[in-house]
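> this one's structure only:
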């Protein structure tokens with residue numbers, strides 16, 4: 001997410017957060033708020049606001065309170081802030097939040113950058129609030145395959161491997177894993193997390209997520225109106241409501257807002273086809289190096305703040321451009337394109353001037369060698385993808 005609040009506005013929001021924390025007009029303390037019955041949905045949000053996104057946490061909590069839990073839907077949130085010590089788990093009701101674990105004091109300060117913390121939250125929420133379907137939203141800054149969730153107090157974050165570890169060790173799978181975080185809709189992230197076999201759908205953005213994040217009130221309104229919907233249908237609604245909210249909707253306008261819902265059951269098939277393509281390109285890399293570079297430059301490139309200089313490109317857009325340049329690669333590219341409609345449940349964007357070729361997933365393709373060699377090497381961050389596709393070797397060959 002991007003921090004786009006002025007310093008004055010951030011101070012005012014922070015003051016309101018402190019007031020809401022240390023008064024009990026809306027916050028009710030409870031030792032046991034567990035739901036005994038199995039509901040249709042449990043909607044879990046892991047809010048790591050222990051950084052410069054602190055002011056936005058309260059805004060999103062208030063959005064959730066506008067709807068709250070119902071007889072069919074549980075809304076459960078773990079919140080860690082920057083300007084207040086402690087961590088709290090809330091059960092969100094309409095117009096109020098109930099503390100079901102923790103306190104705003106130093107003894108309850110959790111490191112949200114530890115996989116054990118994420119796994120514990122999932123297990124606690126699932127145990128206390130069982131449901132037929134589970135949604136887990138990870139709320140913080142995102143940086144694609146580099147990782148997610150920077151906790152400034154503990155100077156830590158979750159690598160993609162650590163998110164994989166947390167999901168693998170959790171007692172329950174999740175139907176939808178959402179990233180209210182920038183840049184997380186990539187083939188590297190989705191493939192790595194698909195290996196857990198604990199996630200059905202990932203909802204994430206190829207681009208930045210604006211500071212106001214997801215429109216939780218709009219999303220939850222749709223869920224409580226129709227709790228019998230399938231995870232696929234709910235994923236579509238999340239994408240639709242998100243893009244609507246930034247198309248002169250409830251959250252204004254963002255020319256770079258994108259969101260995708262990805263079927264993790266199809267990611268492995270795409271990776272197998274991508275491996276075949278990569279092998280072919282590596283066999284005669286001198287022949288294909290120039291068209292690969294041209295296709296990567298023509299493809300939609302992400303990282304809005306870098307004005308199309310970012311290191312991520314839309315994977316399908318790249319393949320389409322490469323196919324236009326090299327028809328002899330049709331036998332290797334067409335299988336990927338053929339499965340794309342099954343892979344991407346839905347994908348949408350505000351279609352601003354910086355977002356035109358959006359098809360759902362990015363892949364790492366830095367513009368130059370200097371951008372390629374980063375402090376955290378690609379093959380260490382997403383080793384399974386690098387190994388199973390040969391993509392790292394292709395980048396080395398093309399960018400050398």
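Received it, and whenever you're ready, just let me know what you need. Every value quoted in this text rests on a predicted model; they were computed, and no experiment measured them. Numbering: from 1, shown residues only.
> for the rest of this, base every contact and every neighbour count on C-alpha atoms.
Fine.
> so where does residue 189 fall, helix or strand?
helix 187-194 (DSSP states H and E).
> show residues contacting that helix.
144-145, 160-161, 163-164, 199, 202, 262, 264-265, 267-268, 271, 361-363, 382, 384-385 (CA atoms under 8 Å, 6 or more residues apart in numbering).
> skipping its backbone neighbours, what lies nearest residue 224 in space?
Spatial nearest neighbour of residue 224, excluding adjacent residues (CA to CA, 6 or more residues apart in numbering): residue 73 at 6.5 Å.
> what about the one you found, how many neighbours?
22 (other CA atoms under 10 Å).
> contacts only, for it.
By CA under 8 Å, 6+ apart, the contact list for residue 73 reads 39, 40, 41, 42, 43, 223, 224, 227.
> state which strand of the chain is the longest.
strand 39-49 (DSSP state E).
> what are the buried residues along the following helix or strand past that strand?
As assigned by DSSP H and E, the chain's next helix or strand after strand 39-49 is helix 54-65. Using 16 or more other CA atoms under 10 Å as the test for burial, helix 54-65 gives 54, 55, 56, 57, 58, 59, 60, 61, 62, 63, 64, 65.
> farthest pair in those residues?
54 and 65 (17.8 Å; CA to CA).
> outline the domain layout of this structure.
7-265, 267-399 (automatic domain parsing).
> any low-confidence regions in this structure?
For the chain, the stretches flagged by pLDDT under 70 are 1-36, 304-308, 352-356, 373-375.
> show me the residue sitting in the middle of it in space.
residue 179 (2.0 Å; CA atoms, centre = their mean).
> return the residues in contact with that one.
By CA under 8 Å, 6+ apart, the neighbours of residue 179 are 137, 138, 139, 202, 203, 204, 205.
> which strand residues bridge residue 81?
As for beta bridges, residue 81 partners with residue 49 under DSSP bridges.
> that one: neighbour count?
26.
> residues contacting it?
48, 49, 50, 51, 54, 57, 87.
> any chance of the residues you listed in JSON lines, plus distance to residue 233?
Converted to JSON lines, the contacts of residue 81 look like this (distance: CA to CA, whole Å):
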{"residue": "48", "distance to residue 233": "27"}
{"residue": "49", "distance to residue 233": "29"}
{"residue": "50", "distance to residue 233": "32"}
{"residue": "51", "distance to residue 233": "33"}
{"residue": "54", "distance to residue 233": "31"}
{"residue": "57", "distance to residue 233": "27"}
{"residue": "87", "distance to residue 233": "33"}
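> re earlier: helices - which of the contacts of residue 179 land there?
Secondary structure defined by DSSP state H assigns none of the contacts of residue 179 to helices.
> which pair in those has the greatest spatial separation?
Top of the distance list for these (CA to CA): 139 and 202, 13.7 Å.
> for stretch 363-377, which positions count as buried?
For stretch 363-377, by 16+ other CA under 10 Å, it's 363, 364, 365, 366, 367, 372.
> I meant to write stretch 388-400 there.
Neighbour counts using 16+ other CA under 10 Å place 389, 390, 391, 392, 393, 394, 395, 398, 399 of stretch 388-400 among the buried residues.
> Serialize those to a markdown table and add fields for distance to residue 292 and secondary structure.
Shown next, in a markdown table, are the buried residues of stretch 388-400 (distance: CA to CA, whole Å; DSSP: H, G, I helix; E, B strand; the rest coil):
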| residue | distance to residue 292 | secondary structure |
| --- | --- | --- |
| 389 | 16 | helix |
| 390 | 15 | coil |
| 391 | 12 | helix |
| 392 | 14 | helix |
| 393 | 14 | helix |
| 394 | 10 | helix |
| 395 | 10 | helix |
| 398 | 8 | helix |
| 399 | 10 | helix |
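> list the contacts for the residue nearest to residue 388 when sequence neighbours are not counted?
Closest residue to residue 388 apart from its sequence neighbours, by CA to CA, 6+ apart: residue 275 at 6.9 Å. Contact analysis of residue 275 by CA under 8 Å, 6+ apart lists 388, 389, 390, 391.
> residue 275 belongs to a helix, doesn't it?
Yes. Per DSSP: H, G, I helix; E, B strand; the rest coil, residue 275 lies within a helix segment.
> what about it, distance to residue 392?
11 Å (CA to CA, to the nearest Å).
> just residue 371 next, same as before
14 Å.
> wait, residue 381 sits on residue 162?
No. Here residue 381 does not reach residue 162: they are 10.0 Å apart, not a contact under CA atoms under 8 Å.
> with adjacent residues omitted, what lies nearest to residue 132?
Using CA to CA, 6+ apart, the nearest residue to residue 132 is residue 40, at 5.0 Å.
> show me what contacts that neighbour?
Here residue 40 is in contact with 72, 73, 131, 132, 133, 227, 228 (CA under 8 Å, 6+ apart).
> which of the residues you listed count as buried?
Applying 16+ other CA under 10 Å to the contacts of residue 40 flags 72, 73, 131, 133, 227 as buried.
> which of those fall within helices?
Per DSSP H, the buried ones among the contacts of residue 40 never map to helices.
> any idea which of these is closest to residue 215?
residue 73 (17.1 Å).
> packing partners for the helix or strand where residue 261 lies?
Assigned by DSSP H and E, residue 261 belongs to strand 258-263. Helices and strands touching strand 258-263, as assessed by 3 or more CA pairs under 8 Å, 6 or more residues apart in numbering; DSSP states H and E, comprise strand 199-204, helix 231-245, helix 330-343, strand 344-349.
> quick one: buried residues of the third one?
Buried positions in helix 330-343, judged by neighbour count with 16+ other CA under 10 Å: 332, 333, 335, 336, 337, 340, 343.
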